[in-house]
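> sharing a sequence plus its predicted fold:
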Amino acid sequence: MIETQTIRLADEAAERDVAERLARGELVAVPTETVYGLAGDAADGKAVARIFEAKGRPRFNPLIAHVTGRAMAERYAEVDPLAARLIERFWPGPLTLVLPLRPDAPLHPLVTAGLPTVALRSPQGGMARVLAHLGRPVAAPSANRSGRVSPTTAAHVLRTLGGRIEAVADGGAATHGIESTIVQPCADHVLLLRPGSVTAAEIEAATGLAVRRHDGAAIVAPGQMRSHYAPHGRVRLAVAEPEPDEHYIAFGPLADETRARAVYQLSETGDLREAASRLFAALSAFDAPDIDRIAVAPIPAEGLGEAINDRLARAAADR
Ligand code: TXA
Ligand code: MG
């Protein structure tokens with residue numbers, strides 16, 4: 001447990017303090033116009049891994065990267081004319097856009113859960129002012145433990161995350177109380193991935209295009225698909241001693257007698273945060289047509305290990 005400080009977000013000095021904490025890798029709950037977000041530097045793998053850990057999320061769902069506006073968004077994603085129209089009409093505000101990720105984007109792959117798309121939004125409220133000081137995006141899911149209701153006050157955040165994060169920035173009540181609308185602009189329509197404060201009718205009026213619902217209104221995180229993260233080769237799990245022709249994803253110190261074609265170390269010291277932050281890089285490093293067999297070391301099931309094992313099970317699933 002750590003002591004969670006409360007910072008009153010009353011002036012510029014407080015906003016700078018929060019930005020500096022985020023730049024150092026701390027986790028700070030920060031108010032937006034929708035709900036309080038559990039913010040961490042989106043380029044810092046350990047900070048992002050700690051977001052999942054603090055929330056107790058059993059899976060690495062992709063997170064929303066919060067930006068100051070269109071100029072920052074364009075460093076991370078391809079913004080086509082339809083996306084630009086939505087940005088112009090609804091940002092800053094409660095609309096999140098799922099856009100193609102730029103391959104050179106300085107974003108940790110845990111934010112996008114290794115996907116080729118990224119969810120971006122430009123928020124209002126204290127978060128917007130903190131981002132202006134920080135100058136780069138933060139990943140921020142709602143600041144609550146997984147499965148609990150989304151928080152609209154600092155006190156509400158402390159109830160489930162007190163002792164798990166460095167600070168909460170108290171900027172009063174979040175006004176909307178429900179999360180942003182998430183859409184994916186497509187060629188001739190807009191796909192609604194999560195309903196929220198911006199309505200389908202407003203989006204249709206702004207774009208002149210139809211809004212289509214994703215099967216039912218429920219969120220379908222792409223990571224829910226069973227074999228989504230599967231690399232080209234066959235994956236064996238919980239392997240303490242790999243075969244000599246296997247590519248090995250290791251966790252913890254390697255035994256002297258370990259023989260493998262190549263080794264990608266998730267964490268030499270057995271640190272689950274470090275391992276989480278390197279997982280998608282490991283799977284993609286060994287995702288090649290000439291790599292047929294991948295073995296993965298046993299990962300403990302506790303804490304972040306549950307989310308790591310969830311993703312590994314998907315990578316190893318039959319397809
Ligand atoms: O109002 C909000 O959006 C709040 C405040 C803090 O900004 N944030 C929020 O974040 O609700 P989060 O992480 O709880 O919700 C992000 C959702 C995930 O459920 C995920 O399914 C979806 O966004 N998402 C993120 N990246 C995606 C992607 N590349 N493709 C499809 N869905 C994505
Ligand atoms: Mg949530």
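Yep, that arrived. Numbers count the residues shown, from 1 in each chain. Ligands and ions are numbered 1, 2, ... in the order given.
> use CA for all of it now, contacts and neighbours both
Noted.
> for Ser122, what are its contacts?
Contacts for Ser122 were tallied using CA atoms under 8 Å, 6 or more residues apart in numbering; they are 66-69, 91-96, 128.
> got the buried residues for the helix or strand harbouring Leu283?
In this structure, Leu283 is located in helix 272-285 according to DSSP states H and E. Buried residues in helix 272-285, counted by 16 or more other CA atoms under 10 Å: 272-283.
> then Leu192 would be within a strand, right?
Yes. Membership of Leu192 in a strand is supported by DSSP: H, G, I helix; E, B strand; the rest coil.
> quick revisit: who are the packing partners of the helix holding Leu283?
With contacts taken as 3 or more CA pairs under 8 Å, 6 or more residues apart in numbering; DSSP states H and E, helix 272-285 sits against helix 45-55, helix 305-316.
> what pLDDT, on average, does that helix get?
The average of the pLDDT scores along helix 272-285 is 87.
> need the contact partners of that helix.
Contacts with helix 272-285, where a contact means CA under 8 Å, 6+ apart, come from 45-46, 48-50, 108-110, 113-114, 229, 231, 249, 251, 264, 266-267, 303-305, 308.
> what segments of the stretch 1-150 of the chain are helices?
Using DSSP state H, counting those that start in this stretch, the helices found in the stretch 1-150 of the chain span residues 12-23, 45-55, 70-76, 81-90, 126-134.
> so for Gln184, which of those helices sits nearest?
Of all the helices of the stretch 1-150 of the chain, helix 81-90 sits nearest to Gln184, with 8.6 Å by CA to CA.
> ok, and what's touching the closest one?
In this structure, residues lying in contact with helix 81-90 by CA under 8 Å, 6+ apart are 70, 97, 185, 203, 206-207.
> going by neighbour count, which of those residues comes out on top?
Neighbour counts for the contacts of helix 81-90 (other CA atoms under 10 Å) peak at Leu97, which has 26 neighbours.
> highest mean neighbour count out of the helices and strands packed on helix 272-285?
The highest mean neighbour count among these belongs to helix 45-55 (a mean of 24), with neighbours defined as mean count of other CA atoms under 10 Å.
> could you say what helices and strands that helix packs with?
If you count contacts as 3+ CA pairs under 8 Å, 6+ apart, helix 45-55 packs onto strand 36-41, helix 272-285.
> now do the last one against helix 305-316, angle only.
Translated: helix 272-285. 10 degrees (axes from the mean of the first three to the mean of the last three CA atoms, to 10 degrees).
> now helix 272-285: how far from the chain's centre is it?
14 Å (CA atoms, centre = their mean, to the nearest Å).
> ok, residues contacting the very next helix or strand once past it?
For helix 272-285, the following helix or strand on the C-terminal side (DSSP H and E) is strand 293-296. Residues from elsewhere that reach strand 293-296, judged by CA under 8 Å, 6+ apart: 233-240, 242, 245-250, 286.
> narrow those to those in strands?
Secondary structure assignment by DSSP state E places 234-236, 247-250 of these in strands.
> buried among those residues? Make that a ChimeraX selection.
Remark: buried members of the ones in strands among the contacts of strand 293-296, expressed as a ChimeraX selection using 16+ other CA under 10 Å:
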select :234,235,236,247,248,249,250
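> could you find the closest non-adjacent residue to Ala139?
Ala65 (4.5 Å; CA to CA, 6 or more residues apart in numbering).
> make sure the one you found is actually in contact with Leu120.
Yes. Checked against CA atoms under 8 Å, the pair Ala65 and Leu120 is within contact range at 5.0 Å.
> Arg145: which of the contacts of Ser122 is nearest?
Of all the contacts of Ser122, the one sitting nearest Arg145 is His66; the distance, using CA to CA, is 19.8 Å.
> so what's the residue count around Asp11?
For Asp11, which is what you asked about, the neighbour count (other CA under 10 Å) is 8.
> same question for the one 3 residues further on.
Applying other CA under 10 Å, we find 15 other residues in the vicinity of Ala14.
> wait, doesn't it sit right on Ile7?
Yes. Because the distance of 6.9 Å satisfies CA under 8 Å, Ala14 is recorded as touching Ile7.
> could you check how far Thr152 is from Val130?
Taking CA to CA, to the nearest Å as the measure, Thr152 and Val130 are separated by 18 Å.
> what's the answer for Leu193, then?
As it turns out, when the distance is counted by CA to CA, Leu193 lies 27 Å from Val130.
> ditto for Thr160
In this view, Thr160 and Val130 are 23 Å apart by CA to CA.
> which of those two has more neighbours?
When Thr160 is set against Val130 and neighbours are counted by other CA under 10 Å, the residue ahead is Val130, at 25 against 18.
> mind listing what the more buried one touches?
Listed by CA under 8 Å, 6+ apart, the contact set of Val130 reads 15-16, 18-19.
> tell me which two of those sit farthest apart.
Among those, the pair separated by the greatest distance (CA to CA) is Glu15 and Ala19, at 6.3 Å.
> any common contacting residues for the two?
The contact sets of Glu15 and Ala19 overlap at 130, 133 (CA under 8 Å, 6+ apart).
> now the farthest one out in this structure, which residue is it?
Relative to the centre of the chain, and counting by CA atoms, centre = their mean, the farthest-placed residue is Glu257 at 37.1 Å.
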